[in-house]
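**Q** Structure for the following, please:
(2 chains)
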Amino acid sequence: MRRLPGSGRVWRRAAPLSVLLLAGCATGPPPLIEHLPEAARSAGRLQQEITAVPFHPQADYQCGPAALATVLGWSGVQTTPEALVPRVYLPGRQGSLQPEIRATARAFNRLAYEPEPRLAALLAELDAGHPVLVLQKLGVGPWPGWHYAVVIGYDAVAEAFLLRSGTESRLRVSSRRFLTSWIRGGTWALVVLPPGTLPASADAARYQHAAADLEATGSPAAARAAWAAGVTRWPDAPAMWFGLGNTAYRQDDIAAALAAFQRAVAVAPTHAASHYNLARIHLEHGCLDQAKTHLAAAEDALDALPGLAPLVADAREALARERARPIAPICQLP
Amino acid sequence: MRTPFNLLSGLLISLALITGGTASVAHGALLDSSGLLAFEQRTQHLASVEQALAQEALAARLAAMGVDAAAVSARLGQLTDEELQLLAERLDQLPAGAGLLEIIGIVFVVLLILELVGVTDIFKAI
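**A** Numbers count the residues shown, from 1 in each chain, chains lettered A, B, ... in the order given. You can find the predicted model right below:
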């Protein structure tokens, strides 16, 4: 591995960026190159600028709508800050809040993924060509100066970042200055992706969260695409198959739903939630024996998921009611 | 005229929220992915009554903070339970990205750079 001049052991070791930058006050931030993805380093991609990102200059206090319109535009949703103001701007706070920014991105059927709060994750997204919406804290004390901007590139040669920010279409900020404001702002970042595109820095748990949120509030088709990408990246994660099953079910694709839930219990035989959903689908289709089997499997695995117990109990009762019918239902699966 | 209208729309929104407050645990009888996450993280999943109350509370606060009555329901509708709870509890405290200070900062930096550049040029010229 290549060693860089001035790269202290501390920088490579330090995991939490805040600790890293605290120390950075004394010795300067680590060279960006140390946090670049290995592929970028070995290919010599030390500079990156994502040019296909629209620019929407902000008006008044409305950097939230402007930054969101910017990343949405890149992801293929043509919109304007003005159109987003009613959804994300909060007049009483003269600004926009992170949960509403994220929720609005989903309302356009986009995956709103929050990368890990680490410099390496930020650089990985940029290297993959994904612009990153960030929250910066530029002020102090009673004037915190919270500000949303979109990072569109980095320069690991000159130690700088490129931003679409406020009224600046291409703001070049020193890495030190940017990282300080980003960390002071809570190291929060958001990538807005067409569903089916994986974040470069994707962490399974974070991806599961983002896709589950899209499933809860977006269209079933969008969420299904996100889960489909999830199962290709993490084929051994039952939660991805579980999500795929749910969204297929919501689209009335029962055969695909069954197949996905079955994959979930194939990779994780004690995945109680998938057994429960399998039981429910079988119950709906009059397949009482299979429903019983899956309910038993769900019950056996309840220790890992105690919250599911009342739902399993309900399903038990539903099964008993079906059994009590004078004429047994016919098992018919698509 | 304005006040009764606002009152009426507020009431209608609340009514719509209470009656239309969906239980997100299940579609049909299935457990959805948010429900699974809530169970996995052992967080309390909102019962539909609690959810309706949180929505009602947030709707009132959004309206009080100047959000159009027409936009309130769209804003509530796009939130997950987790976001709904967070906003209902911390609408005043969450950082509100605005960027006023940054504009001042940029002007300052630009002036500073101009000055530095100017000084340098003048210095060279002389």
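**Q** mind listing the strands for the stretch 151-300 of chain A?
**A** In the stretch 151-300 of chain A, the segments counted as strands under DSSP state E, counting those that start in this stretch are A:160-165, A:168-174, A:189-193.
**Q** can I get these in JSON lines with distance to residue A:108?
**A** For every residue, glycine as well, the C-beta is placed using N, CA and C. Shown next, in JSON lines, are the strands of the stretch 151-300 of chain A (distance: least, CB to CB, whole Å):
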{"stretch": "strand A:160-165", "distance to residue A:108": "18"}
{"stretch": "strand A:168-174", "distance to residue A:108": "23"}
{"stretch": "strand A:189-193", "distance to residue A:108": "8"}
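**Q** got those strands as JSON lines, with mean neighbour count, mean pLDDT and distance to residue A:143 columns?
**A** JSON lines is the format used below for these (neighbours: other CB atoms under 10 Å in any protein chain shown; pLDDT from 0 to 100; distance: least, CB to CB, whole Å):
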{"stretch": "strand A:160-165", "mean neighbour count": "25", "mean pLDDT": "97", "distance to residue A:143": "18"}
{"stretch": "strand A:168-174", "mean neighbour count": "16", "mean pLDDT": "95", "distance to residue A:143": "20"}
{"stretch": "strand A:189-193", "mean neighbour count": "25", "mean pLDDT": "98", "distance to residue A:143": "23"}
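**Q** Now render those as a markdown table, adding distance to chain B.
**A** Listed next are the strands of the stretch 151-300 of chain A as a markdown table, based on distance: least, CB to the nearest CB, whole Å:
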| stretch | distance to chain B |
| --- | --- |
| strand A:160-165 | 7 |
| strand A:168-174 | 7 |
| strand A:189-193 | 11 |
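**Q** Would you tell me which of those strands gets closest to residue B:69?
**A** For residue B:69, the closest of those is strand A:189-193, at 27.9 Å, according to CB to CB.
**Q** Helices of chain B, start to end?
**A** Taking DSSP state H as the test, the helices found in chain B are B:2-20, B:33-40, B:48-64, B:69-77, B:81-90, B:100-125.
**Q** Do you know the pLDDT at residue 27?
**A** Picked chain A for this. Among the per-residue scores, residue A:27 holds a pLDDT of 54.
**Q** hm, I was asking about chain B
**A** 47.
**Q** go on, residue A:16?
**A** pLDDT, read off for residue A:16, is 48.
**Q** Show me the shaky parts of chain B.
**A** Applying pLDDT under 70 to chain B flags the ranges B:1-28, B:44-46, B:99-111, B:114-115, B:117-126.
**Q** One more pass at 50, please.
**A** Along chain B, segments meeting pLDDT under 50 span B:1-27, B:102, B:120, B:122-126.
**Q** my read: residue A:147 touches residue A:165, true?
**A** Yes - the pair residue A:147 / residue A:165 is scored as a contact, 7.4 Å apart, by CB atoms under 8 Å.
**Q** Compute the distance between residue A:261 and residue A:220, please.
**A** Noted for residue A:261: a distance of 16 Å to residue A:220, by CB to CB, to the nearest Å.
**Q** higher neighbour count, those two?
**A** residue A:261 (30 against 18; other CB atoms under 10 Å in any protein chain shown).
**Q** Pull the number of nearby residues for the residue lying closest to the more buried one once chain neighbours are set aside.
**A** In space, and not counting its chain neighbours, residue A:261 is closest to residue A:245: 4.1 Å by CB to CB, 6 or more residues apart in numbering or on different chains. Other residues near residue A:245 come to 30 when the count uses other CB under 10 Å.
**Q** Distance of residue A:245 relative to residue A:207?
**A** Residue A:245 is 17 Å from residue A:207, by CB to CB.
**Q** do residue A:286 as well
**A** Distance from residue A:286 to residue A:207, counting by CB to CB: 36 Å.
**Q** The residue most central in space within chain A pairs with what?
**A** The centre of chain A sits closest to residue A:113, judged by CA atoms, centre = their mean, with a distance of 2.3 Å. In this entry, residue A:113 is beta-bridged to residue A:191, by DSSP bridges.
**Q** And the pLDDT at it?
**A** 98.
**Q** count of residues packed around the residue of the stretch 101-250 of chain A found nearest chain B?
**A** Across the stretch 101-250 of chain A, no residue is closer to chain B than residue A:145, which sits at 3.2 Å (CB to the nearest CB). Residue A:145 has 23 neighbouring residues, counting by other CB under 10 Å.
**Q** Spatially nearest residue to it (excluding sequence neighbours)?
**A** residue A:139 is the one closest to residue A:145 (CB to CB, 6+ apart), at 2.7 Å.
**Q** returning to what we had before: and the residue nearest to residue A:261, what is it in contact with?
**A** By CB atoms under 8 Å, 6 or more residues apart in numbering or on different chains, the residues touching residue A:245 are A:256-261, A:264, A:274, A:277.
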